[in-house]
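> kindly generate the corresponding structure for this input.
(2 chains)
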Protein chains: 2
Amino acid sequence: MALIVHKYGGTSMGSTDRIKNVAKRVAKWHDAGYQIVVVPSAMSGETNRIIGLAKEISAQPDPRELDMIASTGEQVSVGLLAIALQAIGKQAVSYAGWQVAIKTDSAHTKARISSIDDAKVKRDLDAGKIVIITGFQGVDESGDITTLGRGGSDTSAVAVAAALKAKECLIYTDVDGVYTTDPRVVSDARRLNTVTFEEMLEMASLGSKVLQIRSVEFAGNYKMPTRVLSSLTDPLMPLEEEIKSGTLISFEEDTNMEQATITGIAFNRDEAKITVFGVPDRPGIAYQILGPVADANIEVDMIIQNQSVEGKTDFTFTVPRVEYAQAMQVLSNDVQANIKATGIIGDTKVSKVSVVGVGMRSHVGIASQMFRTLSEEGINIQMISTSEIKISVLIDEKYMELAVRALHKAFGLENS
Amino acid sequence: MALIVHKYGGTSMGSTDRIKNVAKRVAKWHDAGYQIVVVPSAMSGETNRIIGLAKEISAQPDPRELDMIASTGEQVSVGLLAIALQAIGKQAVSYAGWQVAIKTDSAHTKARISSIDDAKVKRDLDAGKIVIITGFQGVDESGDITTLGRGGSDTSAVAVAAALKAKECLIYTDVDGVYTTDPRVVSDARRLNTVTFEEMLEMASLGSKVLQIRSVEFAGNYKMPTRVLSSLTDPLMPLEEEIKSGTLISFEEDTNMEQATITGIAFNRDEAKITVFGVPDRPGIAYQILGPVADANIEVDMIIQNQSVEGKTDFTFTVPRVEYAQAMQVLSNDVQANIKATGIIGDTKVSKVSVVGVGMRSHVGIASQMFRTLSEEGINIQMISTSEIKISVLIDEKYMELAVRALHKAFGLENS
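As a prediction, this is how the structure comes out:
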């Protein structure tokens, strides 16, 4: 009997009526002969409410204690869903992360899953039960509760699917799949039937916030076919239809090679740019600048070092906008004097736009078409970064939507 | 270094400001050189809110799943209190029941504690940390979360205190101790400085709802000195004063022998009386009547069997008022025809009033004084039951407050 893992987001679990709808959908799959494991998120707003209480008490709450608190939202969800399934005649049993030994490291509030003990779950499934497991959380070696960070329920679902060797992991959410770009920016954005794992990775990390990036990595590591689909459809819609809906993240590149060269246009508004001026161009200078930034747990994305002139160069990089102030402080306090830079300036009004597609590997001229399109719209490119399957540019944030629309059109991604 | 266990009720934990106050009080005790373990309840209203969600989904939610859900309120509380203590410079760590192995049986929603593993807690205490443990919950042999039933946090606190061999268990609540009777009924009711374990057991089970009955049994079994005191006082009040406040449940009878013969007047409004008429008076008849009632998990309290006349007798007993309808149903369906009783009648407008005191053992005439007092007030006694340290009567509920006031005066319990 094929095993399918379902994951439902906070909105889908947002009220007792919605939970009853989730139960109906899950029961439909079970009736069709599938073994089902469900990984639900906390009811929407619940985790924020609880963390808000902690913040009322302390501006810097201890991460271990935050996890103790934040993990309760999912525990309520699994119990409620089990009750909803039992109410419509299904056998169901819920487990918190620690009860099925979802082991993680001890990085509280952003832990990583290391292993899952599947014995208990398999026993229940074989007995005909629907098993419901808390997303977002686990337990570390010392028995402390950990959480995986925002969106962590996606990761939990994929990890559970991988550990149980599921046939597919279905991520039910409030969008009906992955689009060529954000439909709020480009109205004729097209839903993709399939997307490769690598494309999804670039799309997710670049700001198409459909799936948590780590869940995509997990899906990739374990080659777990993962489908993003809507939880807003009629829960009793025909199964054959539902199985083909949404967007499948696939691990067979062939399926995509026949498609368009470019899969989608991703973007990220939350960028900030920092330039360190007049830096002596000598070995180790990049590390001297970025080491302290990394030590402060600030993630650096795009990096450019200018051609040096008279032994001096400029060094530019981007950081998440929320960490801009802290990054500037680290640089003024710990770096500037040390490396004898002549100045540091920053800009928080920048956005990143990327074209993504595995087809890019076998097609030349994608970059030049991208640059020509932006040039025709009069948009200046501030930074460029490339990988095998994407090209990203940093531009003034006020041109971001214009750039996305122009590129979407130029690469022929619209609905046909 | 003496170890003290503090327990705080839901009202004391009812807001982040109140939690900060609890932290101040706990810190004061820690500063004075005590090792402290805290067992807080869920924030008031929280457990009801969560259980309400379950009831919206199903009228009869599975007890195992209810426990999964209901246990989360305390988990939030312990985390928030740890954060509040850390915010004022204390080292603190929180644990859910399963993390310190509070093992219970599997009677979901009313489990009983069987053991507690103290190793982790002792290690933390010795390291100077304040340890905070969820009340109300534990874990059974199969690793399922259990809860102890309403008021279970009191039981948890006393059980933790016993397992850790604490010097005293302090139950902070919204009353400042145990009174000779309910001050809402008798305005000059007096706070008792000490009360013996047996008296407390009678007072608690008879309706003076200060402490959960099972916590008193636990305190008795382990001879754990337990003090009931107010959480509404200034958290920074002098420790010497606080130590002497409230009511100590003592295990040395001597301390009380010098006090008044009668310790208090307890009462219970939630009684219902059932009489089975024309029952053949033969061996085993009590079991034939009460066996099916007990099988339905209905607790029977007072029992009277009348002197038989011509081989027939009447059989009267009391049950909690909320279980009256179910008891009547069990009797009509399973009992009446079987034992050939001529009729069954019931009365839900009855109350129980009791005089309690260990001094009763060495004093005669308590019963006659009680009956005389009620007679002088024109109150008819419907049933009588006695133990070594209490006499209870069942009366028409409309005379209950009158009876309590008259007895409180007759036995000289008022404030002097």
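
> how about the strands in the stretch 1-150 of chain A?
Using DSSP state E, counting those that start in this stretch, the strands found in the stretch 1-150 of chain A span residues A:3-8, A:35-40, A:92-95, A:103-104, A:113-115, A:130-133, A:137-139, A:145-147.

> ok, the residue nearest to residue A:175 when sequence neighbours are not counted to chain B distance?
Nearest residue to residue A:175, sequence neighbours excluded (Cβ to Cβ, 6 or more residues apart in numbering or on different chains): residue A:210, at 6.1 Å. From N, CA and C alone the C-beta is placed, and that goes for glycine too. The gap separating residue A:210 from chain B is 28 Å, by Cβ to the nearest Cβ, to the nearest Å.

> what about residue A:210, which SS state?
Using DSSP: H, G, I helix; E, B strand; the rest coil as the criterion, the local structure at residue A:210 reads coil.

> what sits against it?
Residues touching residue A:210, when contacts are defined by Cβ atoms under 8 Å, 6 or more residues apart in numbering or on different chains, comprise A:173, A:175, A:177-178, A:203-204, A:228.

> what's the closest of those to residue B:360?
Lowest distance from residue B:360 to those (Cβ to Cβ) belongs to residue A:173, with 68.5 Å.

> the closest one contacts residue A:9, doesn't it?
Yes - when contacts are counted by Cβ atoms under 8 Å, residue A:173 is listed as touching residue A:9 (4.9 Å).

> shared neighbours, those two?
Each of residue A:231 lies in contact with both residue A:173 and residue A:9 under the rule Cβ under 8 Å, 6+ apart.

> pLDDT at the most far-flung residue of chain A relative to its centre, what is it?
Distance from the C-alpha centroid of chain A peaks at residue A:310, with 43.2 Å (Cα atoms, centre = their mean). Per-residue confidence at residue A:310 stands at 84 (pLDDT).

> report the contact partners of the spatially most central residue of chain A.
What sits nearest the mean C-alpha location of chain A, by Cα atoms, centre = their mean, is residue A:212, with 2.0 Å. The neighbours of residue A:212, taking Cβ under 8 Å, 6+ apart as the test, are A:150-152, A:154-155, A:204.

> between these, identify the one with the most neighbours.
Scoring the contacts of residue A:212 on neighbours with other Cβ atoms under 10 Å in any protein chain shown, the highest-scoring entry is residue A:154 at 31 neighbours.

> was I right about residue A:302 contacting residue A:383?
Yes - applying Cβ under 8 Å, one finds residue A:302 in contact with residue A:383, separated by 5.1 Å.

> shared neighbours, these two?
Shared contacts of residue A:302 and residue A:383 (Cβ under 8 Å, 6+ apart): A:318, A:394.

> spell out which residues of chain A are next to chain B.
Counting by Cβ under 8 Å from any Cβ of the partner chain, the residues of chain A lying close to chain B are A:16, A:19-20, A:50, A:53-54, A:56-58, A:61-62, A:64-66, A:68-69, A:71-73, A:75-76, A:78-80, A:82-84, A:86-87, A:93-94, A:96, A:98-99, A:143-145.

> from those, list just the buried residues.
Of all those considered here, the ones buried according to neighbour count by 16 or more other Cβ atoms under 10 Å in any protein chain shown are A:16, A:19-20, A:50, A:53-54, A:56-58, A:61-62, A:64-66, A:68-69, A:71-73, A:75-76, A:78-80, A:82-84, A:86-87, A:93-94, A:96, A:98-99, A:144-145.

> now the lengthiest strand in chain A: average pLDDT?
As assigned by DSSP state E, the longest strand anywhere in chain A is strand A:264-280. Along strand A:264-280, the predicted local confidence has a mean pLDDT of 91.

> list the buried residues for that strand?
When burial is assessed from 16+ other Cβ under 10 Å, strand A:264-280 yields the following buried residues: A:264-268, A:270-277, A:279.

> what does stretch A:310-320 give?
By 16+ other Cβ under 10 Å, the buried positions in stretch A:310-320 come out as A:313-319.

> quick one, helices of the stretch 251-400 of chain A?
Defined through DSSP state H, counting those that start in this stretch, the helices belonging to the stretch 251-400 of chain A, from first to last, are A:254-257, A:285-295, A:324-330, A:336-339, A:366-376, A:400-410.

> show the pLDDT at residue A:257.
Confidence per residue is given as pLDDT, and for residue A:257 that number is 44.

> OK, contacts around the nearest residue to the residue nearest to the centre of chain A once chain neighbours are set aside?
Residue nearest to residue A:212 in three dimensions, not counting chain neighbours: residue A:151, with 3.2 Å by Cβ to Cβ, 6+ apart. Residues in contact with residue A:151, defined by Cβ under 8 Å, 6+ apart, are A:211-212, A:214-215.

> just want the residue of the stretch 301-416 of chain A that's nearest chain B.
Taking Cβ to the nearest Cβ, chain B has its nearest neighbour within the stretch 301-416 of chain A at residue A:326, 21.8 Å off.

> ok, now the stretch 101-250 of chain A?
residue A:143 (5.4 Å).

> residues contacting that residue?
A:98, B:99.

> ok, 10 Å please
Residues counted as contacts of residue A:143 (Cβ atoms under 10 Å, 6 or more residues apart in numbering or on different chains) are A:98, B:95-96, B:98-101, B:120.

> and residue A:286, what pLDDT?
Here, the pLDDT recorded for residue A:286 equals 84.

> touching, it and residue A:316? I think so.
No - with contact taken as Cβ atoms under 10 Å, residue A:286 and residue A:316 are classed as non-touching, separated by 11.5 Å.

> mutual contacts of those two, please.
When contacts are counted by Cβ under 10 Å, 6+ apart, residue A:286 and residue A:316 have A:303, A:305 as shared neighbours.

> looking at it, residue A:361 is touching residue A:261, isn't it?
Yes - proximity of residue A:361 to residue A:261 meets the contact threshold set by Cβ under 10 Å, at 9.4 Å.

> so for these two, which residue has more residues nearby?
For residue A:361 versus residue A:261, the count of surrounding residues by other Cβ under 10 Å is larger for residue A:261: 18 against 13.

> can you list the domains in chain A?
As recorded under automatic domain parsing, the domains making up chain A are A:3-175+A:210-224, A:264-410.

> coming back round to it: which of the strands of the stretch 1-150 of chain A sits closest to residue A:355?
strand A:3-8 (28.9 Å).

> the closest one - what's its average pLDDT?
Averaged across strand A:3-8, the pLDDT comes to 96.

> direction included, what does that strand pair against?
Each strand paired with strand A:3-8, and its direction, by DSSP bridges: strand A:35-40 (parallel), strand A:168-173 (parallel).

> the last one: what's the following helix or strand?
Proceeding C-terminally, strand A:168-173 gives way to strand A:194-196 as the next helix or strand, assigned by DSSP states H and E.

> sheet partners, orientation included, of that next one?
The sheet places strand A:194-196 alongside strand A:247-250 (parallel), with pairing taken from DSSP bridges.

> how far off centre is the strand it pairs with?
Remark: strand A:247-250 is offset 15 Å from the chain centroid, using Cα atoms, centre = their mean, to the nearest Å.

> distance of the residue nearest to residue A:175 from residue A:383?
For residue A:210, the distance to residue A:383 under the criterion Cβ to Cβ, to the nearest Å works out to 25 Å.

> nice, that's everything, thank you.
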